[in-house]
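A.B. asks: Mind looking at a prediction? Sequence and model below.
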Amino acid sequence: MNAPLNGTKPARASNSGDAVLDRYEPVIGLEVHCQLKTQTKLFCGCSTAFGAMPNHNTCPVCLGHPGVLPALNSEAVNFAIRFALAVGADIQETSVFARKQYFYPDLPKGYQITQYDLPYCTGGKLTLASGKTVRLIRAHLEEDAGKNVHGDESSYVDLNRAGVPLIEIVSHADIRTPEDAADYLKRLRSLVRSLEICDGNLEEGSFRCDANVSIRPRGQEKFGTRCEIKNLNSFRNIERAIKYEILRQADLLDHGQPVVQQTMLFDAASGKTHPMRSKEESHDYRYFPEPDLLPLRIDEARIQRQRETLPELPEAMARRFEEKHGLSAYDAAVLTSDKDLAGFYEAVVKRVGSAATEKIVANWVTSEYLREVNNRNWDLTNPPITADHLGELIELIGKSVISGRIAKTLFEEMAEKGPGKGPKAMVEAQGLIQVSDTSEIRNVVTKVLDANPEQLADYLGGRDKLFGFFVGQTMKVSGGKMNPQMVNDVLKELLDARRKG
Ligand SMILES: [Zn+2]
């Protein structure tokens with residue numbers, strides 16, 4: 001059974017998501033536009049920097065003036081090769097750029113230069129957290145269009161983005177759940193970031209996704225009619241949009257109505273998809289080979305040069321984390337899902353040294369740290385809590401200077417107020433050093449026993465589970481500062497003595 005489809009309501013369905021998924025199987029394919037992190041555009045020398053004055057980064061080539069000639073950016077081709085290598089795809093020795101014709105104000109040439117029937121890269125695959133494999137159909141190089149900006153009274157065109165290099169990565173329709181769709185995108189993003197070919201910034205549009213969604217009755221082999229959802233700009237919205245679209249299509253089929261093939265827009269505010277236009281067929285674009293560019297030839301020597309400089313990829317890194325740090329497959333996958341997070345973890349491990357195990361560090365990073373990252377929207381490249389400070393905190397627990405409970409409180413304080421001078425200084429300033437002095441612990445335990453004669457009598461009479469009550473009372477009296485293992489030991493010793501006595 002698939003995960004429930006929470007949080008979405010179809011237009012007029014009485015079906016719950018679970019009931020829909022019992023009867024229909026979703027079929028999902030994804031197209032991702034990934035902006036290559038080159039300094040200049042794909043066919044001219046204009047800067048690709050985000051956030052410049054509108055139309056500042058333009059020239060006659062990307063403005064589509066007559067008589068100009070495109071010149072292919074070699075770095076963009078190298079980045080594209082790196083992607084193909086990382087997903088185990090076939091790199092074509094010869095690929096061809098084509099003109100895709102359509103009219104839109106943000107496309108001054110009246111056509112986009114892309115690769116059509118002969119892309120540079122075919123095949124490849126990506127493995128998901130669930131162990132499933134998603135096959136790739138192709139990836140191709142193309143230029144981005146500009147951007148229309150709609151004001152209150154007028155609309156504007158900003159062509160800074162026109163001609164920026166992209167690779168479009170097209171998957172087979174191998175995905176069956178909205179959760180797997182989101183996981184695929186997270187992994188793809190993590191991959192292109194670790195390859196250092198794309199910054200993966202969804203808000204700035206450098207990693208964009210369109211989803212093709214259809215459903216079919218369970219047991220049926222033939223695919224249903226699909227709709228393409230555009231404008232998916234966060235992982236959460238991708239899941240929401242696909243869930244909504246599944247319920248919308250199920251509702252149509254349940255009422256005997258056909259699903260019409262069309263392009264849908266997702267509206268994040270209402271959580272619904274709306275028809276944008278009927279879906280074009282490729283022949284509408286009148287593709288033909290770009291006459292101003294030679295076919296792209298990629299030789300083996302060039303591929304080899306890129307292969308030699310590939311970094312450690314997320315899957316290989318996850319295997320290393322399992323072996324070297326002794327982590328579970330799950331922890332390794334979480335920690336290597338982002339190269340900055342992986343680097344953070346290894347920096348904390350190094351700082352902690354022998355004071356705690358790598359597993360304990362992994363627990364801190366995947367639970368406490370990641371929770372704050374998500375709640376507070378921290379930037380992983382520059383987190384407010386440094387690896388050095390988290391390492392110092394874990395070391396303080398490992399060396400029994402503070403208890404785990406105090407450590408969690410301190411961590412929350414660090415997250416709330418910023419790093420300050422670090423946990424060691426905080427412990428000293430707030431007098432939080434753990435009590436590990438046996439005689440002091442014996443004093444407190446004795447007082448606790450004397451203050452609770454009824455529970456003590458019950459315990460001595462055989463109610464063993466009251467032991468936890470005495471531990472709790474002792475920790476409470478000491479403000480959580482006593483070494484919990486020592487409290488256990490002392491309590492056991494004193495209670496045993498009273499049982500015998
Ligand atoms: Zn230009």
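C.D. replies: Sure, I can see it.
A.B. asks: Shouldn't K230 be within a helix?
C.D. replies: No - read with DSSP: H, G, I helix; E, B strand; the rest coil, K230 is strand and lies in no helix.
A.B. asks: where along the stretch 151-300 of the chain do the strands fall?
C.D. replies: Secondary structure of the stretch 151-300 of the chain (DSSP state E, counting those that start in this stretch): strands at 155-158, 165-171, 207-217, 227-232, 262-267, 272-278, 288-289, 296-297.
A.B. asks: packing partners for the helix or strand following the last one?
C.D. replies: It stands for strand 296-297. Going down the chain from strand 296-297, the next helix or strand is helix 300-308, by DSSP states H and E. Applying 3 or more C-beta pairs under 8 Å, 6 or more residues apart in numbering; DSSP states H and E, we find helix 300-308 packed against helix 74-86. In this view, the C-beta of every residue, glycine as well, is placed from N, C-alpha and C.
A.B. asks: Now do the buried residues in the helix it packs on.
C.D. replies: 76-86 (16 or more other C-beta atoms under 10 Å).
A.B. asks: cool, and stretch 140-154?
C.D. replies: 140-147.
A.B. asks: pLDDT below threshold where in the stretch 201-350 of the chain?
C.D. replies: 279-280, 282 (pLDDT under 70).
A.B. asks: What residues does it have near the ion?
C.D. replies: Neighbours of the ion within the stretch 201-350 of the chain, by C-beta under 5 Å from the ion: none found.
A.B. asks: Find the closest residue to the ion in the stretch 201-350 of the chain.
C.D. replies: D292 (14.6 Å; C-beta to the ion).
A.B. asks: my read: that residue touches G67, true?
C.D. replies: No - D292 is not in contact with G67 according to C-beta atoms under 8 Å; the separation is 10.5 Å.
A.B. asks: Neighbour count: these two, which is higher?
C.D. replies: D292 (13 against 5; other C-beta atoms under 10 Å).
A.B. asks: Would you report the backbone torsion angles of the more buried one?
C.D. replies: The phi/psi pair for D292 (degrees, to the nearest 10) reads phi -90, psi 0.
A.B. asks: Please name the residues that touch it.
C.D. replies: Neighbouring residues of D292 by C-beta atoms under 8 Å, 6 or more residues apart in numbering: 69-70.
A.B. asks: In contact with K100, which residues?
C.D. replies: Taking C-beta under 8 Å, 6+ apart as the definition, contacts of K100 comprise 111-114, 116, 285, 287.
A.B. asks: what's the spacing between the residue nearest the centre of the chain and the ion?
C.D. replies: Central residue of the chain (C-alpha atoms, centre = their mean): K186, 3.9 Å from the mean position. Distance, K186 to the ion, using C-beta to the ion, to the nearest Å: 33 Å.
A.B. asks: Give me the distance between that residue and S328.
C.D. replies: 19 Å (C-beta to C-beta, to the nearest Å).
A.B. asks: Also N375?
C.D. replies: 24 Å.
A.B. asks: more crowded one of these two?
C.D. replies: Each of N375 and S328 has its neighbours counted (other C-beta under 10 Å); S328 has more, 12 against 9.
A.B. asks: how many neighbours does the nearest residue to the more buried one once chain neighbours are set aside have?
C.D. replies: Spatial nearest neighbour of S328, chain neighbours left out: E322 (7.4 Å); criterion: C-beta to C-beta, 6 or more residues apart in numbering. Neighbours of E322 under the rule other C-beta under 10 Å: 17.
A.B. asks: Dihedrals phi and psi, E322?
C.D. replies: Taking degrees, to the nearest 10 as the convention, E322 sits at phi -60, psi -50.
A.B. asks: Kindly report the same for V87.
C.D. replies: phi -100, psi 10.
A.B. asks: got a list of what it touches?
C.D. replies: 124-126, 136, 139, 191.
A.B. asks: where does it land on pLDDT?
C.D. replies: For V87, the model assigns a pLDDT of 96.
A.B. asks: Residue of the stretch 151-300 of the chain closest to the ion, please.
C.D. replies: For the stretch 151-300 of the chain, C-beta to the ion, closest residue to the ion: G163, 5.6 Å.
A.B. asks: That residue contacts F43, correct?
C.D. replies: Yes - counting by C-beta under 8 Å, F43 is a contact partner of G163 at 5.9 Å.
A.B. asks: Name the residues contacting each of those two.
C.D. replies: In contact with both G163 and F43: 61-62, 143, using C-beta under 8 Å, 6+ apart.
A.B. asks: Which ones among the buried residues of stretch 140-154 also lie next to the ion?
C.D. replies: Of the buried residues of stretch 140-154, not one also sits near the ion (C-beta under 5 Å from the ion).
A.B. asks: ok, so of these, who is nearest the ion?
C.D. replies: So of the buried residues of stretch 140-154, ranked by how close each gets to the ion (C-beta to the ion), first place is E143, at 10.2 Å.
A.B. asks: check contacts around the closest one.
C.D. replies: Contacts of E143 by C-beta under 8 Å, 6+ apart are 41-43, 112-114, 162-166.
A.B. asks: Quick one: which of those is the most crowded by neighbours?
C.D. replies: G163 (30 neighbours).
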